[in-house]
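K.L.:
fold the following, please.
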Amino acid sequence: MPTPAPARYAALADDLAASITRGTLLPGERLPSIRQARLRHGVSITTVLRAYSLLESRGLIESRPQSGHFVRQRGVSMPARGVAELPMSQPQGGSAAVDVSRLVLSTLRAIGSDAAVPLGSPYPDPSLFPHARLTRHAAAAGRRQPDHAITGQLPPGDPDLIHQIVRRYLAHGTTVDPKEVIITIGATEALNLCLQAVARPGDVVAVESPTYYAMLHAIERMGMRALEVATDPHTGIDLAALERLLRHQRIAACMVMPNFQNPLGFQMPEARKRALVALAARHGVPIIESDVYQALHFGDVPPTSLKTYDTQGVVLHCASFSKSLAPGYRIGWALAGRYRDAVEKLKFLNTLATPAIPQRAIAAYLNTGGYDRHLRRLRRTYAQQGRLMRAAVRRFLPAGTVMSQPMGGYVLWVRLPEAVDSLELYRHALEHGITLGPGYMFSATPAYRHYIRLNYSYAWSPRIEQALATIGRLAARFA
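P.N.:
Residues are numbered from 1 along each chain as shown. A predicted model of the protein is given here:
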């Protein structure tokens, strides 16, 4: 796969970052408009947009609707480290057996109650998606499909859907061979298949700390051990710590979520993505990348994936439409690099096929247009509701509460005072008809016992505001 040349936008970003560091550009100062920067530096509009997006991911600038880009006010938008922001995680040393499935299952069952305020839900608000249009496409696909036709379900999947997926990667600057795409039942199946393709029971798998519990589920399911690696809340997994681990023990794979990681919400800077892929290639360790939130960026341009920088087939890239278009359809895919054939075989052995009608409905929807307009509305909604959620957390939760600064997606990671036990808080909140995600679900150890994850995708309402106030009162009881 050819590697794009991001040097021009990265160099522009570095020049502007240096101006900010030197004080040439001051906090609160407006940057040149996209058009002005294009003319001043003799580059394309896309290059300027990517450079500004990279600076946003570093926390150096911010985009203000209808106003442009501004240098962040230090101590306001980006508080000083150790004062009002999450620190680098410090996971316990050594690998650990994983046993989180029972807790996650019980939590998800509680979230499934229609009466509960779904602050703990891992799923986006279903009212935000074009169900009616997708249903019409599904009905049309059902009428056209003969009862005996299953070839569209067999691996690798529906050709029209694969074509649409490849087109979207190409539009964002990543060339994907259609033969590499394998359609799966959501990203969860893609993660499981990819892990099964590269590791065996008893193997050690490196993960971010905290990490998304779907990755822990995959490790638990296959009898492997999780090795949690220190993770920065703004830039992602600590590459130096990971390299030290790779030098001293055998690690079968590394599972990461570089874009809008669940639960931290960060966007890994592009230079660090390249460095992570290069590190994995040097050590011969496959990377399993979950990129399910990639389309939910708050910046002007979408971030790249690790797959963009993979020239040796070491990245097994997993994604889906579940978070951005069709949560109920459970359609995902894998780009498994050098492990492609192994993943396709495992797909056939594990589940035989992926239902054809959902694949064809999504392919038809993408072909008729409208997806990008839908995504723009969705991103604006999430960004606005994320600001409201953060304001409510500052207002209602106890003194000493610290939270993440999501760059995309729809979840907020909150560190409560150490006296608060998130599982007990979860149980008390449930008695009041409120769900939240206890921090225990995001680690193989109790390292995040006083953390919670909150979902801000649901339309802001007095009911949600009151739920935050109730969580604050309940949390205060632990002090």
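
K.L.:
can you show me the strands along the stretch 51-200 of the chain?
P.N.:
61-64, 68-71, 96-97, 181-185 (DSSP state E, counting those that start in this stretch).

K.L.:
I meant the stretch 351-479 of the chain, not that one.
P.N.:
402-403, 411-415, 437-438, 451-455.

K.L.:
could I get the ones you listed as TSV with distance to residue 319 and mean neighbour count?
P.N.:
Bear in mind the C-beta positions are built from the backbone N, C-alpha and C, glycine included. Below are the strands of the stretch 351-479 of the chain laid out as TSV (distance: least, CB to CB, whole Å; neighbours: other CB atoms under 10 Å):
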stretch	distance to residue 319	mean neighbour count
strand 402-403	27	22
strand 411-415	17	25
strand 437-438	22	27
strand 451-455	20	28
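
K.L.:
possible to save those as JSON lines with mean pLDDT and distance to residue 299?
P.N.:
JSON lines is the format used below for the strands of the stretch 351-479 of the chain (pLDDT from 0 to 100; distance: least, CB to CB, whole Å):
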{"stretch": "strand 402-403", "mean pLDDT": "96", "distance to residue 299": "20"}
{"stretch": "strand 411-415", "mean pLDDT": "98", "distance to residue 299": "17"}
{"stretch": "strand 437-438", "mean pLDDT": "95", "distance to residue 299": "25"}
{"stretch": "strand 451-455", "mean pLDDT": "97", "distance to residue 299": "21"}
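
K.L.:
would you reformat the ones you listed as a markdown table and include distance to residue 475?
P.N.:
A markdown table is the format used below for the strands of the stretch 351-479 of the chain (distance: least, CB to CB, whole Å):
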| stretch | distance to residue 475 |
| --- | --- |
| strand 402-403 | 13 |
| strand 411-415 | 10 |
| strand 437-438 | 12 |
| strand 451-455 | 9 |
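
K.L.:
out of those strands, nearest to residue 174?
P.N.:
strand 411-415 (25.1 Å; CB to CB).

K.L.:
can you tell me the element residue 226 falls in?
P.N.:
Residue 226 belongs to strand 225-229 when assigned by DSSP states H and E.

K.L.:
how about that strand as CSV, C-alpha atoms only?
P.N.:
This file holds the C-alpha atoms of strand 225-229, laid out as CSV (Å, rounded to 0.1, in the frame of the first residue of the first chain):
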residue,chain,number,x,y,z
ARG,A,225,-3.5,-11.9,29.4
ALA,A,226,-3.7,-8.1,29.2
LEU,A,227,-0.6,-6.0,29.7
GLU,A,228,-1.8,-2.4,30.3
VAL,A,229,0.6,0.4,29.1
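
K.L.:
does anything pack onto that strand? Which helices or strands?
P.N.:
strand 96-97, strand 204-208, helix 213-221, helix 239-248 (3 or more CB pairs under 8 Å, 6 or more residues apart in numbering; DSSP states H and E).

K.L.:
recalculate using a threshold of 10 Å.
P.N.:
Where contact means 3 or more CB pairs under 10 Å, 6 or more residues apart in numbering; DSSP states H and E, strand 225-229 is packed against strand 96-97, strand 204-208, helix 213-221, strand 236-237, helix 239-248, strand 253-256.

K.L.:
tell me what the fifth one is packed against?
P.N.:
For helix 239-248, the elements it packs on are strand 204-208, strand 225-229, strand 231-232, strand 253-256, helix 270-283, judged by 3+ CB pairs under 10 Å, 6+ apart.

K.L.:
could you list the paired strands of the third one along with their orientation?
P.N.:
Looking back up the chat, that one is strand 231-232. strand 236-237 (antiparallel) (DSSP bridges).

K.L.:
likewise the first one?
P.N.:
Next to strand 204-208 in the sheet, as set by DSSP bridges, lie strand 225-229 (parallel), strand 253-256 (parallel).

K.L.:
any low-confidence regions in the stretch 51-200 of the chain?
P.N.:
57, 65-67, 73-84, 111-114, 146-152 (pLDDT under 70).

K.L.:
ok so, going back, out of the strands of the stretch 51-200 of the chain, which one sits most buried?
P.N.:
Mean neighbour counts were taken over these using mean count of other CB atoms under 10 Å, and the top value, a mean of 26, falls to strand 181-185.

K.L.:
and this structure, what are its domains?
P.N.:
Split into domains by automatic domain parsing, the chain comes to 7-71, 97-126+373-476, 130-371.

K.L.:
and those domains: which comes nearest residue 88?
P.N.:
So among the domains of the chain, domain 130-371 is nearest, using CB to CB, at 5.0 Å.

K.L.:
please report the distance of residue 133 from residue 369.
P.N.:
Remark: distance between residue 133 and residue 369 (CB to CB, to the nearest Å) = 11 Å.

K.L.:
I should have written residue 180 there, sorry.
P.N.:
Residue 180 is 25 Å from residue 369, by CB to CB.

K.L.:
do residue 338 as well
P.N.:
Distance from residue 338 to residue 369, by CB to CB: 35 Å.

K.L.:
please apply the same query to residue 265.
P.N.:
For residue 265 relative to residue 369 (CB to CB), the value is 30 Å.

K.L.:
these two: which has the busier surroundings?
P.N.:
Shown here are residue 265 and residue 369; by other CB atoms under 10 Å, residue 265 has more neighbours (25 against 9).

K.L.:
phi and psi next, for the more buried one.
P.N.:
The phi and psi values for residue 265, taken as degrees, to the nearest 10, are phi 80, psi 10.

K.L.:
state the distance from it to residue 386.
P.N.:
Residue 265 is 8 Å from residue 386, by CB to CB.

K.L.:
so who does the nearest residue to residue 208 once chain neighbours are set aside touch?
P.N.:
Spatial nearest neighbour of residue 208, chain neighbours left out: residue 231 (4.4 Å); criterion: CB to CB, 6 or more residues apart in numbering. Counting by CB atoms under 10 Å, 6 or more residues apart in numbering, residue 231 touches 86, 88-91, 207-211, 237-238, 241-242, 256, 261, 264, 266, 268.

K.L.:
hmm, back to that, can you say which of the strands of the stretch 51-200 of the chain is nearest to residue 32?
P.N.:
The nearest among those, by CB to CB, is strand 68-71 at 8.5 Å.

K.L.:
what distance separates that closest one from the centre of its chain?
P.N.:
Strand 68-71 has its C-alpha centroid displaced from the chain centroid by 25 Å (CA atoms, centre = their mean, to the nearest Å).

K.L.:
give me the mean pLDDT for the helix of greatest length in the chain.
P.N.:
Across the chain, the helix with the greatest residue count (assigned by DSSP state H) is helix 371-396. Throughout helix 371-396, pLDDT has a mean value of 94.

K.L.:
so residue 201, which state does it fall into?
P.N.:
coil (DSSP: H, G, I helix; E, B strand; the rest coil).

K.L.:
can you count the residues close to it?
P.N.:
Residue 201, neighbours per other CB under 10 Å, totals 9.

K.L.:
now swap in residue 180 and tell me
P.N.:
21.
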